[in-house]
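Colleague: Mind looking at a prediction? Sequence and model below.
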Amino acid sequence: MKEEINSQVFDHLVSLAALKLTSQEAEYLRGQMNQQLQVIHEMEQIPIEEELEISSHGVALTPANSSGLREDEIDPLKPKLNLEKIAPDVKDNFIIVPEIPHHKI
């Protein structure tokens, strides 16, 4: 198996994701990622006809087998849940959410 995600690339990805991994966890995860890339490369080798239509579930959607688009309709929440009663702060029918402090990792 050709290794595509080397230690340097993996370490960079781990730092971007702000993960804390033991060396054993990191090596396992890197191996799994490389195996997934290998499967993707194998799938790329499957011949697919150029004129094959793209579909998300194996069956092409046509006007004959789909229900078509619906009209846009406003559907307000019914009944109103009265969340304002339990919310810590409400202004103009909006729940005010306190700011969440951010800490640099």
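Modeller: Sure, I can see it.

Colleague: When you work out contacts or count neighbours from here on, use the C-alpha atoms and nothing else.
Modeller: OK.

Colleague: Let me know how buried P98 is, in neighbour terms.
Modeller: 8 (other C-alpha atoms under 10 Å).

Colleague: if I look at it, how far off is A87?
Modeller: Counting by C-alpha to C-alpha, to the nearest Å, the separation of P98 from A87 is 11 Å.

Colleague: and what of N6?
Modeller: From N6 over to A87 (counting by C-alpha to C-alpha), the distance is 49 Å.

Colleague: can you check A18 too?
Modeller: 33 Å.

Colleague: Spit out the contact partners of I54.
Modeller: A60 (C-alpha atoms under 8 Å, 6 or more residues apart in numbering).

Colleague: Show the model's pLDDT score for it.
Modeller: Looking at I54, its pLDDT is 72.

Colleague: count of neighbours near R30?
Modeller: 21.

Colleague: Just confirm E25 is within a helix.
Modeller: Yes. Counting by DSSP: H, G, I helix; E, B strand; the rest coil, E25 is part of a helix.

Colleague: Would you map the strands across this structure?
Modeller: Counting by DSSP state E, the chain has strands at residues 90-91, 94-95.

Colleague: What's the mean pLDDT across the first one?
Modeller: Confidence over strand 90-91 (mean pLDDT, whole number) is 87.

Colleague: Identify the neighbouring strands of it in the sheet and state each direction.
Modeller: strand 94-95 (antiparallel) (DSSP bridges).
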